[in-house]
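sequence first, then the predicted structure:
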Amino acid sequence: MDMNVLSEPVGHNIGAAWNQFIRSGKIAAGIVSPLVAKSWEKCANRNMDPTEGRGQIELGRNELKELLDKNERTIRIANPFMKNLYKMFSNTGFIIVLADIKGYILESFGDKERLKNAQYLNFVLGANWSEASVGTNAIGLALATGKPAQVSGWEHFSQPHHCWTCSAAPIFNKQGEMVAVLDISGPVHEKNSHTLGMVAAASEAISMQLKMQQKQNEMILVNKHMESIFNAMSDGVILIDKCGIIKDVNTITKQILNRNEQSMIGCSIDTIFKEISPVTKEMLHYKKSYSGIKLSLPGSKGTNHCLASGEIVADDQGGVSGGVLILRPIQQGKSSINCYSAHNADFSFHDIIGNSSSMREVIGVAILAAESSSNILLQGESGTGKELFAQAIHNKSARCKGPFIAVNCGAIPRELIGSELFGYEEGAFTGAKRGGRPGKFELATGGTLFLDEIGDMPLEQQVSLLRVLQDKKINRIGSDRIITTDVRIICATNKNLLKEVRMGSFRQDLYYRLNVISVTIPPLRERGEDIILLLTSFLQHLSKGHKCEFDLEPEVLHCLKKYSWPGNVRELHNVAERIIHLVKGKIVSLVHLPADVYHCCEALTELPAQRSSFKEQRRRENEKTEREEIVTLLHECNGNISHIAKRMGVARTTVYRKMQLYAIQY
């Protein structure tokens, strides 16, 4: 802050100079400082009465309260500094005053007697002491110039102020704007040039404190904004330190894991995410980011499948201060937009299980198709393994070292499928990412693009796809730049596309462009001899390689072969998973099969004796399960029958009857 004294007179006959100005309006050159002289002239031009000088009381009670509330932060920060100044000047007759940028007094400290004497000049809370209100004074000069000022005795325009000496300095905020003035006023005979230095130093300290407070408030606001963004993200975000200790998690992370933050913050990444712990530690040690790691995490509604990625956070010296882990849920069904499986295909023809003649024939056709460069159309019911064939074809083709990008055309909203396939430039539409984004055609360059559920693609996008297939070129949305594509197309559908063509929901020209080589995968009901082979493989895989051997009773074998399997291989896999969980020993009987399977099975009508035996076995199993449930609930509910009945969804009398039936005592 500029510490020049703005009003120090250059002569000693200031009293005579004041009288001369009041009588004639002439300034005594060399006696009155230019700043004071200018202020006197402004006061005279306003026709101010030099015999007055009382502060203007303009504010009502409500207006004063509003003024004090508006300046609350400045008053609060200045208060301790004003108290310290008052201690230095106690019993000297000085008053310490804080005024706002219009000259209204906001706060004052001083000896009681001196404060009382100052009332005759209205030097009190809420009074206006600007130059326009009371004439030349230190508060008015500091407000007018933005610099420290000292006005003593006869330098004041108003005669009642001649017994006072005043020193004032402005207070500034972080933006450099003046927000208040600090003033020290006292008897003129106590005038000291050091007083101005003290008030200037105090105002500077208040300004610094005010700026720090503003900065702190801004940081709090920024942190709140960041926290809002942090918790509004659709991906799970985990912040870790350089040792791999979790420091913070966002709302989505808590939802994905079904855990509260207290159970995660402070824990090592080892205890929460064992699958990515090694690669995360490698990231922190070698500063190597990672992405695309698949995780299966237990949640409140079953298993959550996510793609994990990690980035380091560097410190000022370029070292590692921590990292950020991102968990991106892999959405299932129609809500998914980015429905690609990976940039690499995991399966080959060796992974396709089947010895039936129909399956051997299809595999042979698919192998021949893989060796060509033509587009392929895979047809078959849902659950027959069309994507498995697509990956196997890719891995058998000359493009096996390129990416394999899968897109579920039926799962992408109509308005987004264009940007997903062809990409977009920055600013192409509201919500477009900075820098734009490549589409799946670009990502699949040099490899294979698998378009699943092609029959669900909207007609308007079928036109765009046809043009790309013909020209081998694309334009990102929002761009005129032409990008050449080098992509092999494999499509899949569970619809009869020729029927869709006749109905007008699928373009005929696109159908023939895609259907260069057609591979029709047979449903499981036409692959009778493959059913047990597939089931055995699934059981082996689901038992995690522990060579669990199951014995299937004859009626089970008969039932499995006779069932129509509308869900195909996917449904059979579910049956295998059910067997793993329900069978305690090695014997698999009809009771372990889903109701859909055994109810529709001819075995139940062909084997009446077994049916009776099965029903009895089923009844015993149900009774055993029900008894175990009641015993468990008795312990969990501390014997409260009302709670047990509510949990079971039955009446209390039913619970008592069941306890008597199963000889349960509690």
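That came in fine, so what should we check first? Here the structure is a predicted model, which is why all the values come from computation and not from measurement.

can you pull out the low-pLDDT segments for this structure?
Where the chain drops to pLDDT under 70, the residues are 1-12, 291-292, 299-303, 330-344, 429-435, 544-548, 600-621.

find the centremost residue of it, please.
residue 233 (2.4 Å; CA atoms, centre = their mean).

now do that residue against residue 437, distance only.
17 Å (CB to CB, to the nearest Å). For glycine as for every other residue, the C-beta is placed from the backbone atoms N, C-alpha and C.

likewise for residue 580?
Taken as CB to CB, the span from residue 580 to residue 437 is 41 Å.

again with residue 471
22 Å.

who's more crowded, the two?
residue 437 (18 against 11; other CB atoms under 10 Å).

which strand residues bridge the more buried one?
residue 424 (DSSP bridges).

also residue 240?
Going by DSSP bridges, residue 240 forms beta bridges with residue 246, residue 323.

now it: how far from residue 313?
9 Å.

more neighbours: the two, which one.
residue 240 (24 against 14).

for the more buried one, what are its contacts?
Residues in contact with residue 240 (CB atoms under 8 Å, 6 or more residues apart in numbering) are 246-247, 269, 280, 284, 322-325.

then residue 253?
With CB under 8 Å, 6+ apart, residue 253 has these contacts: 236-238, 264, 327.

hmm, 6 Å instead?
236, 238 (CB atoms under 6 Å, 6 or more residues apart in numbering).

with the one 4 residues further on instead?
Applying CB under 6 Å, 6+ apart, one finds that residue 257 lies in contact with residue 297.

swap in residue 135?
With CB under 6 Å, 6+ apart, residue 135 has these contacts: 43, 48, 157-158.

what does residue 539 give?
So residue 539 contacts 550, 576 (CB under 6 Å, 6+ apart).

so where do the strands sit in the stretch 551-666 of the chain?
In the stretch 551-666 of the chain, the segments counted as strands under DSSP state E, counting those that start in this stretch are 551-552, 587-588.

in a markdown table: the ones you listed, plus mean neighbour count and distance to residue 83.
A markdown table is the format used below for those (neighbours: other CB atoms under 10 Å; distance: least, CB to CB, whole Å):
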| stretch | mean neighbour count | distance to residue 83 |
| --- | --- | --- |
| strand 551-552 | 16 | 91 |
| strand 587-588 | 16 | 87 |
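
and of the ones you listed, who's closest to residue 114?
Closest approach to residue 114 among the strands of the stretch 551-666 of the chain (CB to CB): strand 587-588, 101.7 Å.

which helices and strands sit right next to the closest one?
On a contact count with 3 or more CB pairs under 6 Å, 6 or more residues apart in numbering; DSSP states H and E, strand 587-588 meets no helix or strand.

which other residues reach that strand?
With CB under 6 Å, 6+ apart, strand 587-588 has contacts from 550-552, 556, 579.

so which of the strands of the stretch 551-666 of the chain is nearest residue 660?
strand 587-588 (32.5 Å).

one step back: which of the contacts of residue 240 count as buried?
246, 269, 280, 284, 322-323, 325 (16 or more other CB atoms under 10 Å).

domain ranges for the protein?
Domain ranges of the chain: 14-215, 233-330, 349-522, 615-666, per automatic domain parsing.

I'd assumed residue 454 was in contact with residue 410.
No. Assessed by CB atoms under 6 Å, residue 410 is found out of contact with residue 454, at 8.7 Å.

lovely, talk soon.
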